[in-house]
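Visitor: sharing a model prediction with you, sequence too.
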Amino acid sequence: MRAAFAFLCSCFLCLASPVAFASPANDGAQLMYLGVWPHTVLVLDAAQGKILDKIDLPTDVARTLVLSPDKTTLYASTVRDNSIVTIDLATRKATGSFPLNTGNTNYRLGGLAIDPEGTVLYSIATPIVKQIDRFEVNPPEFVTIDLAAKKITRMVSFPKDEPVPSYYRRSMKVSPDGKLLYLFAENIQVFSTADFKPVKTIELSKTTDPSTDGLSLSPIEDPNEPRGRVTGIFETSDPYVHRRIFGVADVDLTNMSFDLTPVGPADASMLPMMETPDHKLGYTVAIYGTHGDRVTEFWVFDMATKKVINRRQFIGRTRLSFGMTADGSKLMIYNAGFQIEFYDARTLELVKTIDLEGDTTSNLVVMPLPSKSTRSL
């Protein structure tokens, strides 16, 4: 065990020296979409670092954005009226919307995932029933939202014996064949999309790795993520002295399997990882301390060796989200606030700030490149 910890700690000996990065090819406009207050979805050009257009939503503020599999349509779930808004990306117009509420029942969505055919959305909804003298909050249910029928067509109670992820924007993904729905939290829960019955629980809290006794994994949408796979940061602790460590996890959504690579001591809170188009480099944000002692850093990983090869401090926010442009040349810090900050992925220095003219309300959707950029040293 002492040797194992020596290995984990030795991974950090290479942190101090920067490395040489290749320059990505310029593929023109790199579009991104982000909801802002009060009811707008911004169209951003990451290459030029500016706002190209503003899409007005006819109903309410956007909470979650989901890109269709053919990359032509954006679906937005809204907060107050619990509607699904369809946005045509070619015309940059909202082409339709429909409410999910029925009668005296509101369906508050937590998380959203689209099937590979682009015909239905899956979510976990909390029904809130308005009675004459009170509101009743009912247990959460799986829901299937038919985009052609424009309504919820199926509701199944969440299994009583399964823990419900508590996050308001739950991390959910559908397998490439459309048969499995994944929920990512302290464990990875796998359900059948046919009847929402549990298929498997990948118990990250009870991994097969003898050096760990529990971990957590929370992926985000990555434009460069290989189809059917999820790569992310996990945290866990050893079963002997219970020191926290972190590493890189690779989850196969088709085979319901995963690989874990420990990296080093988890002395910081880690945000989800983003990868470059060639999958050679991975980036995340590490946060140390609280309030006046708070420190935020970019960390760069060599994905072949899963080692940290560069790190740099930057001025962070009290609450922040992390993203990357599709070509892998810029890192982004946004939410909460009125701005997106762009950092050069090679130097990790601030290069541009965009004023969003409104507070962010949704996740950031980054359009993948039409073809993978080639990199040369």
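Guide: Noted; the coordinates are in hand.

Visitor: work out for me the element Q189 sits within.
Guide: strand 188-192 (DSSP states H and E).

Visitor: measure stretch 352-362 end to end?
Guide: 21 Å (C-alpha to C-alpha, to the nearest Å).

Visitor: which residues touch it?
Guide: For stretch 352-362, the surrounding residues in contact (C-beta atoms under 8 Å, 6 or more residues apart in numbering) are 34-38, 40-42, 44, 49-51, 61-65, 76, 79, 321, 334-342. All C-beta spots, glycine's among them, are computed from the backbone N, C-alpha and C.

Visitor: narrow those residues to those that are buried.
Guide: Among the contacts of stretch 352-362, those buried by neighbour count (16 or more other C-beta atoms under 10 Å) are 34-36, 40-42, 44, 49, 51, 61-65, 76, 79, 321, 334-335, 340-342.

Visitor: okay, strands next: where are they in the stretch 101-250 of the chain?
Guide: Ranges of strands in the stretch 101-250 of the chain, per DSSP state E, counting those that start in this stretch, are 105-114, 120-130, 135-137, 141-146, 151-157, 171-174, 180-184, 188-192, 198-202, 215-217, 229-237, 244-252.

Visitor: mind listing what's buried in the first one?
Guide: Residues N106, Y107, R108, L109, G110, G111, L112, A113, I114 are the ones in strand 105-114 that count as buried (16+ other C-beta under 10 Å).

Visitor: who's the last one bridged to?
Guide: Listed beta-bridge partners, I114: L121 (assigned using DSSP bridges).

Visitor: what do you get for the fifth one?
Guide: G110 forms beta bridges with I124, as assigned by DSSP bridges.

Visitor: and it, how far from F158?
Guide: Per C-beta to C-beta, to the nearest Å, G110 is found 11 Å from F158.

Visitor: tell me where the stretch 251-377 of the chain has strands.
Guide: Using DSSP E, counting those that start in this stretch, strands in the stretch 251-377 of the chain cover 257-265, 269-270, 274-275, 281-288, 295-302, 307-314, 321-324, 330-334, 339-344, 350-355, 360-366, 375-376.

Visitor: run the chain-centre distance for the first one.
Guide: It refers to strand 257-265. Computed by C-alpha atoms, centre = their mean, to the nearest Å, the chain-centroid distance of strand 257-265 equals 19 Å.

Visitor: what's the angle between it and strand 229-237?
Guide: Orientation check (axes from the mean of the first three to the mean of the last three C-alpha atoms, to 10 degrees): strand 257-265 against strand 229-237 gives 50 degrees.

Visitor: can you give me the buried ones in strand 257-265?
Guide: Buried positions in strand 257-265, judged by neighbour count with 16+ other C-beta under 10 Å: F258, L260, P262, V263, G264.

Visitor: what's the mean pLDDT across it?
Guide: Here strand 257-265 scores 77 as its mean pLDDT.

Visitor: helices and strands around that strand, which ones?
Guide: helix 2-10, strand 244-252, strand 307-314 (3 or more C-beta pairs under 8 Å, 6 or more residues apart in numbering; DSSP states H and E).

Visitor: export that strand to CSV, keeping only CA atoms.
Guide: Presented in CSV, the C-alpha positions along strand 257-265 are these (Å, rounded to 0.1, in the frame of the first residue of the first chain):
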residue,chain,number,x,y,z
SER,A,257,-18.2,-1.0,-18.1
PHE,A,258,-15.6,1.4,-16.9
ASP,A,259,-11.9,1.8,-16.3
LEU,A,260,-10.3,3.8,-13.5
THR,A,261,-6.8,5.3,-13.5
PRO,A,262,-5.7,6.9,-10.2
VAL,A,263,-3.6,10.0,-10.6
GLY,A,264,-2.8,11.6,-7.2
PRO,A,265,-4.0,13.1,-3.9
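
Visitor: just want the angle from it to strand 295-302.
Guide: Relative orientation of strand 257-265 and strand 295-302, computed by the same axes, to 10 degrees: 130 degrees.

Visitor: neighbouring strands of strand 257-265 in the sheet, and parallel or not?
Guide: By DSSP bridges, strand 257-265 pairs with strand 244-252 (antiparallel).

Visitor: pull the distance from the partner strand to the chain's centre.
Guide: Relative to its parent chain, strand 244-252 has a centroid offset of 16 Å by C-alpha atoms, centre = their mean.

Visitor: which residues does Y75 contact?
Guide: Shown in contact with Y75 (C-beta under 8 Å, 6+ apart): L65, V66, L67, S68, I84, V85, T86, I87, L112, I114, L121, L147.

Visitor: and for E349?
Guide: E349 makes contacts with R312, Y343, as judged by C-beta under 8 Å, 6+ apart.

Visitor: quick one: the closest residue to D344 other than its chain neighbours from Y343, how far?
Guide: For D344, ignoring the flanking residues on the chain, the nearest one in space by C-beta to C-beta, 6 or more residues apart in numbering is V351 at 5.1 Å. Noted for V351: a distance of 7 Å to Y343, by C-beta to C-beta.

Visitor: common neighbours of the two, please.
Guide: With C-beta under 8 Å, 6+ apart as the test, V351 and Y343 both reach K330.

Visitor: tell me the angle the strand holding Q189 makes with strand 257-265.
Guide: Put simply, strand 188-192 runs at 160 degrees to strand 257-265, going by the same axes, to 10 degrees.

Visitor: which strands and helices lie in contact with strand 188-192?
Guide: strand 180-184, strand 198-202.

Visitor: and the first one, how far out from the chain's middle?
Guide: Read that as strand 180-184. 13 Å.

Visitor: now V129, nearest residue through space, not along the chain?
Guide: That would be E136: by C-beta to C-beta, 6+ apart, it lies 4.5 Å from V129.
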